[in-house]
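Test case, fold it:
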Amino acid sequence: MTEPPAADDEVAGGATLAAKMFIEAVAWGEHRRVWEMLGPEGRKTVLRIAVKNGMDEPLAARLRDGTAGATESEEFLGELVDGLRADLAGNNLDDLEYAADAEHAPGQVRVVLTAPVPPLLGPVGLPVGSLELASIEGAWRVERLTPRPPGFVL
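Numbers count the residues shown, from 1 in each chain. Modelled structure (predicted):
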C-alpha cells in the first residue's frame, strides 16, 4: 500500500501545477489569466517596471486599483504577456519541466523551470528560470519570474 503524499509534497505539487498553468497562460497569450495569477507583489513589480519604462503613474494606479478602462487594460496586459514571453525567449514553453525547491518557507515555493536535454548531455535539464509563488487566500499566486540570465552557459 502506498502512503498518502506528505503535506509538503502536496504544497509543492500545488505550486508546481500553478507554475505550469501560469507559463501555459503566457504561451497561449491568455493575458487576463496571467494577471489573475499574479500575486500582489508580482503585480506591484510589473507595474513598477512599466512605470520605469515610460508608463505614466496615473495609469499604473488605475491598473493596480482595477479602474483602468478596457482599452488601457487590454493594451497593458498584451504588453505584459509579450514581455514575459521575451523573458523566456528561445525556450519551447510546451516542453518545460517544473520542480519545486525542496526547502521553502510556509506558504511560499520556488519552482524551477528546466528545458529537457538529450540523454547524452545528462539526466538534468537546462535551467531556464524560476517562479516564486505564494499561497494567498487558498490559491497559488506568482510573485516573481526570474529568467535565466542572458549569456548563461553551462
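
Show the average pLDDT along the lengthiest helix in the chain.
The residue-count maximum for a helix in the chain (DSSP state H) belongs to helix 7-27. Helix 7-27 shows a mean pLDDT of 84.

which other residues reach that helix?
Residues from elsewhere that reach helix 7-27 (Cβ atoms under 8 Å, 6 or more residues apart in numbering): 5, 30-31, 33-34, 37, 81, 84-85, 88, 93-94, 96, 98-100, 104, 109, 111, 113, 131, 133, 135, 139-142. Backbone N, C-alpha and C define where each C-beta goes, glycine included.

how about the closest residue to Pro127 other than its chain neighbours, what does it touch?
In space, and not counting its chain neighbours, Pro127 is closest to Thr114: 5.3 Å by Cβ to Cβ, 6 or more residues apart in numbering. With contact set as Cβ under 8 Å, 6+ apart, Thr114 has these partners: 96-99, 124-128.

Among those, which lie within strands?
Counting by DSSP state E, the part of the contacts of Thr114 found in strands is 97-99, 126-128.

Need the residues that contact the helix or strand harbouring Pro58.
Assigned by DSSP states H and E, Pro58 falls within helix 57-65. Residues from elsewhere that reach helix 57-65, judged by Cβ under 8 Å, 6+ apart: 43-44, 47, 50-51, 68-69, 72-73, 76.

which of those count as buried?
Buried members of the contacts of helix 57-65, scored by 16 or more other Cβ atoms under 10 Å, are 43, 47, 50, 68, 73, 76.

Spit out the contact partners of the fourth one.
So that's Ala68. Ala68 makes contact with 59, 62, 76 under the criterion Cβ under 8 Å, 6+ apart.

Noted, bye for now.
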